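Asker: okay, here's the prediction I keep looking at, along with the sequence it came from:
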Amino acid sequence: MIKPPKIHTDLLWDLTVLFLGLAVLYFVAIFFFRNKASRLFRKRRAKRKELAPIISNFLFHCSSDPKEAQKEYVELKIGIREYLADNYFRKILSDILFDLQKDVAGDTRQRLFKLFVQLGLHHDSYKKLKSWRWDVVAQGILELAQMEVSHSFQYVAKFINDKRGIVRKQAELAVVYLKVEGIDYLLDNTNYNLSEWQQLKLMESLESITDYNPPKFKTWLISENKDVVLFSLRLIKQYNQNDAMESIISLVKHKDNDIKIAAANCIQYFHFKEAMETLKLVFAQCNPIVQLHLLDAMGAIGNKEDLGFLRNIANTSPNFSVANRANRAINIIQPDAVLPSKDIMEDADFVAEEIPENNAIPVVDQEQHFEDLEVTETNDTPSVEEETVEIEEIEIYDLVEVHTQPKEDKKEVRPPVDEEENHELEILELEADLERSLHFSLGLVPVDSIEEDEVQADKSYAEMSQKSREQLLDEMTENDTPNEPQLLEFMMEHEEDPELRFRAFNILKNKVPKVEGSETVDKEKEKETAEEVLVTNTVCTISPKCSVFYALFEHASDLDSKRILIKETIAIGDEKEIAFLNHLAQTEGDIIKDAASKALKTICERLVKEKDVPKTKVSVGTLDDVDAIVDDILDTEALAEETLAISHTNEEDLNPTDERIPLELCFIYDELGILYEGQKKKEDLGLNFELSQEYMYNLKERE
Amino acid sequence: MKPKNLLLAEDDPMLASLLKFRLEKEGYTVTLMPDGKAVKECLTTTLPDAIISDVMMPYFSGIELVDYLRNELNSKIPIILISTASNEENIINALKMGANDFLAKPISPTELLIRVNREIERQQIS
């Protein structure tokens, strides 16, 4: 069993008395020192009050004062000398002057400084400099600086390399404040760091000096103290001393990153264009932070010749900030050279959504017929734009005519010239060069020049290298050029390389229908043009997302599903599906692209035919004509059957084994009253979807 | 000629004493007030020829004093404000309230004297 320790009650009482005694002592001490402090404060305040008019008298005394004032001034001066022997009095006097110098300015302030020295109060500050306590030393330096005791400079200057940070900093500020040459002394002699805050304070001190004539700070760019170099660079910028170009450029190669950055900033500030090569040279060796500053400087001083270097950085730098800053520098040198590209939507996305809202393009009802529109001829002068369009048309027409007509006909293009007008021809020939150049500038190629051009083209082709010929063929594949067929024929006849010869043949084969004019070709061409126009208009006005197939296609898991979906569009597709399929043909892989292209073509053909039907219907006669109506209906049904036949053939092409037909097609069949295969056989439901197991289970349960 | 009475409202006794000495040396009778409350009490009994007031004082600021003098007492006696916070907003506020002049600390006693003279002369003319 544990027993509590036995404590003698006398001991407890002794301890109680002891702690009570300590508590009383503590409170008495507090009371005593508090009273003493307040008594001293009151005494000091009374003394200050007493001394205030004396100081005011000293400050505002002048020799022109009345005799009584002069007498009073002398008496006060004698009286104060007696008091000055007292340390406490001197301390109060010093405090008063120190406080007052903050509130007064002008002549009074200068008198106050003079009074401080006259009363010998600066000796107290000197004594403080000898103290072993750093705070007292710092206080002494501060007093000497604030009271502008200029001859204390040599005493204070000793402390600029003091080990104690606060003393050193106070001395640095005092040295700059006390003498104009103080900054030179500091930069020459300081061995310690100059913090950024200290540098700012020193600059503030320099700013306060009236009529300050700064020294050439480039002298200290060769200092071994890194902070002196940095401070000098900062002062060079502050006082716009741009005569240190070479030193600053060489500092970009400094090992220290801070100096590199400061030098780059100086280069940017002073626009030292000569620094560009050095900046490029050191760029790769620097860290990303320095690189950012170097890029800023490059942006400020660079020109278009440096864009390649900057683009290279923008494209190759692994650091996002550096690449971004490089792009910014490029844009500074050449505005808008780099434009925003991330998350920028295509123009087509905006057109499809905005046009219907604004009704910028007048919407024509499907039932509105073209005959209802009145065409009026006006004799107004065509606008400049219309004229331009006309010129372009002539150009195309001329080019086509030249290729299609025999060469003899070309001469007939010119009007016949009478013999009497021969003399005029001479003048015309003189003007031929001028006319030729005029036509060339207008884009109108003169007829007689085509033949010459062909010969020249053949010659130039013969002189071409293998690579150039390949490039020419590539261009021909993509673009139409006026002399193409002739040149291609020339290539087929004279080209030695069999591959190029074959390519020329292929291109010519594809181009021939475009050039040769016949009725069937024209019709096909018209049809193709109509289809192209349909696709273009649809793509411009309707977004691919408008199609119901878009979302289904997005969620399709495999290639087969996607192909089936494309197949479905053939049967029921309209303008919305054109936009959708066109989108697929441009963005998807080869298999989907082929399927989409086929489907697109089929839908376009169907829609073009559908549009042609109403035209003929209206042109046949009025709606009263019953026979015409019957014919129209028959035509429409025939068209529908034809369309379905087309869709069937396409379906078979895409997937010959699939006998099912789409659900939407079933509805179309129903509407038109056509019996489809599934209905005839009564075997297949004709559905293109599968019933879920859950549904089948429920069906069985019901049964 | 009867000396002009000036009311000097300043909470710093050393600066107040210095300015008082300088103004009295020029022949003015200066009454010192340590805070805004004392100034208000003084103004209810007697109105000086001009007031020099610090902006930041205990109880009432210099701007409040201007407001009190112009809007409650409807007095047009010249008021010169002095302040350490000599930002543009303070100066504009003081002048909008009806202060005649504004001096930023540190102040030159000689400059203050000239401004006081000028304001009193203007007051006499008007």
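Answerer: Arrived safely. Numbers count the residues shown, from 1 in each chain, chains lettered A, B, ... in the order given.
Asker: who touches the closest residue to chain B within the stretch 251-400 of chain A in this structure?
Answerer: Here the stretch 251-400 of chain A gets closest to chain B at one residue, A:Y269, 29.4 Å apart by CB to the nearest CB. Backbone N, C-alpha and C define where each C-beta goes, glycine included. A:Y269 makes contacts with A:K237, as judged by CB atoms under 8 Å, 6 or more residues apart in numbering or on different chains.
Asker: how near is it to A:S597?
Answerer: 60 Å (CB to CB, to the nearest Å).
Asker: cool, A:P53 as well?
Answerer: Distance from A:P53 to A:S597, counting by CB to CB: 106 Å.
Asker: try B:L8
Answerer: Distance from B:L8 to A:S597, counting by CB to CB: 97 Å.
Asker: those two: which is more packed in?
Answerer: Neighbours per residue, other CB atoms under 10 Å in any protein chain shown: of B:L8 and A:S597, the larger number sits with B:L8, 26 against 16.
Asker: can you pull the pLDDT of the more buried one?
Answerer: Listed pLDDT for B:L8 reads 95.
Asker: how far out from the middle of the chain is the helix or strand where it lies?
Answerer: In this assignment (DSSP states H and E), B:L8 forms part of strand B:5-9. Its chain's C-alpha centre and that of strand B:5-9 lie 6 Å apart, by CA atoms, centre = their mean, to the nearest Å.
Asker: next helix or strand past it?
Answerer: That would be, after strand B:5-9 and using DSSP H and E, helix B:13-25.
Asker: contact partners of that next one?
Answerer: With contact meaning CB under 8 Å, 6+ apart, helix B:13-25 is reached by A:45, A:48-49, A:52-53, A:55-57, A:59-60, A:96, A:99-100, A:103-104, A:108, B:6, B:8, B:10, B:30, B:32, B:34, B:52, B:109-110, B:112-113, B:116.
Asker: name the helix or strand for the nearest residue to A:D65 once chain neighbours are set aside, please.
Answerer: Spatially, and ignoring its direct neighbours in sequence, A:D65 is nearest to A:Y73 (7.4 Å; CB to CB, 6 or more residues apart in numbering or on different chains). Using DSSP H and E, A:Y73 falls within helix A:67-83.
Asker: what helices and strands are in contact with that helix?
Answerer: helix A:9-60 (3 or more CB pairs under 8 Å, 6 or more residues apart in numbering or on different chains; DSSP states H and E).
Asker: near chain B at all, the helix it packs on?
Answerer: Yes: using CB under 8 Å from any CB of the partner chain, helix A:9-60 reaches chain B at A:R45, A:R48, A:K49, A:A52, A:P53, A:I55, A:S56, A:N57, A:L59, A:F60.
Asker: nearest to A:W134 among these?
Answerer: Minimum distance to A:W134 across the residues of helix A:9-60 next to chain B is 28.3 Å, recorded for A:R48 (CB to CB).
Asker: what's the burial count for residue 96?
Answerer: You didn't pick a chain, so chain A it is. Neighbours around A:I96, by other CB under 10 Å: 21.
Asker: switch to chain B, that's the one I care about
Answerer: Neighbours of B:K96 using other CB under 10 Å come to 10.
Asker: name the SS class of it, please.
Answerer: helix (DSSP: H, G, I helix; E, B strand; the rest coil).
Asker: ok, B:S53 next?
Answerer: With three-state DSSP as the basis, B:S53 sits in strand.
Asker: same question, B:N93
Answerer: helix.
Asker: surely it and B:I63 touch.
Answerer: Yes: contact criterion CB atoms under 8 Å: B:N93 and B:I63 qualify, at 6.0 Å.
Asker: coming back round to it: and the strand holding B:L8, which strands flank it?
Answerer: Strand pairing for strand B:5-9, determined by DSSP bridges: strand B:29-33 (parallel), strand B:50-54 (parallel).
Asker: in the helix or strand following the last one, what's buried?
Answerer: Counting by DSSP H and E, the next helix or strand C-terminal to strand B:50-54 is helix B:62-67. Burial within helix B:62-67, assessed by neighbour count using 16 or more other CB atoms under 10 Å in any protein chain shown, is assigned to B:G62, B:I63, B:E64, B:L65, B:V66.
Asker: which one among the residues of helix A:9-60 next to chain B gets closest to A:K77?
Answerer: Proximity of the residues of helix A:9-60 next to chain B to A:K77 (CB to CB) peaks at A:N57, which lies at 9.3 Å.
Asker: show the pLDDT at that closest one.
Answerer: 89.
Asker: run a quick neighbour tally on it.
Answerer: A:N57 has 17 neighbours, counted by other CB under 10 Å.
Asker: what sits against it?
Answerer: Counting by CB under 8 Å, 6+ apart, A:N57 has contacts A:E72, A:Y73, A:L76, B:F21.
Asker: redo these as TSV? Include distance to A:F283, neighbour count and pLDDT.
Answerer: What follows is the contacts of A:N57, written out as TSV (distance: CB to CB, whole Å; neighbours: other CB atoms under 10 Å in any protein chain shown; pLDDT from 0 to 100):
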residue	distance to A:F283	neighbour count	pLDDT
A:E72	76	15	86
A:Y73	72	18	86
A:L76	72	16	86
B:F21	68	19	92
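Asker: need the residues of chain B near chain A, please.
Answerer: B:12-15, B:17-18, B:20-22, B:25, B:105-111.
Asker: got the angle for the helix or strand of chain B with the lowest mean pLDDT vs strand B:50-54?
Answerer: In chain B, no helix or strand scores lower on mean pLDDT, DSSP states H and E than helix B:88-97, which sits at a mean of 86. For helix B:88-97 against strand B:50-54, the angle by axes from the mean of the first three to the mean of the last three CA atoms, to 10 degrees is 150 degrees.
Asker: got the buried residues for helix B:88-97?
Answerer: So for helix B:88-97, counting by 16+ other CB under 10 Å, buried means B:N90, B:I91, B:N93, B:A94, B:M97.
Asker: how about stretch A:465-473?
Answerer: By 16+ other CB under 10 Å, the buried positions in stretch A:465-473 come out as A:R469, A:L472, A:L473.
Asker: quick check, nearest of these to A:K3?
Answerer: A:K3 lies nearest to A:L473 out of the buried residues of stretch A:465-473, by CB to CB, at 115.0 Å.
Asker: wait, the closest one touches A:L500, no?
Answerer: Yes: counting by CB under 8 Å, A:L500 is a contact partner of A:L473 at 6.5 Å.
Asker: just to revisit the earlier point, dump the next helix or strand after the least confident helix or strand of chain B to PDB, restricted to CA.
Answerer: Where DSSP H and E defines the elements, the next helix or strand beyond helix B:88-97 is strand B:101-104. These are the backbone C-alpha positions of strand B:101-104, laid out as PDB (Å, rounded to 0.1, in the frame of the first residue of the first chain):
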ATOM      1  CA  ASP B 101      -4.200  77.200 -46.700                       C
ATOM      2  CA  PHE B 102      -2.300  74.000 -46.200                       C
ATOM      3  CA  LEU B 103       1.300  73.500 -45.000                       C
ATOM      4  CA  ALA B 104       3.200  70.200 -45.000                       C
END
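Asker: closest residue of the stretch 401-550 of chain A to chain B?
Answerer: Per CB to the nearest CB, the residue of the stretch 401-550 of chain A with the smallest distance to chain B is A:S543, at 55.6 Å.
Asker: wait, that residue touches A:D349, no?
Answerer: Yes: using CB under 8 Å, A:S543 is in contact with A:D349, at 6.6 Å.
Asker: so which of those two has more stuff around it?
Answerer: Neighbour totals were compared for A:S543 and A:D349, and A:S543 leads with 18 against 12 (other CB under 10 Å).
Asker: any figure for the gap between that one and A:F350?
Answerer: Taking CB to CB, one finds A:S543 at 10 Å from A:F350.
Asker: okay, now B:P58: neighbour count?
Answerer: Going by other CB under 10 Å, the residues that sit close to B:P58 add up to 11.
Asker: I figured it hits B:D35, correct?
Answerer: Yes: counting by CB under 8 Å, B:P58 touches B:D35, with 4.1 Å between them.
Asker: now do the shared contacts for the two.
Answerer: Joint contacts of B:P58 and B:D35 (CB under 8 Å, 6+ apart) are B:D11.
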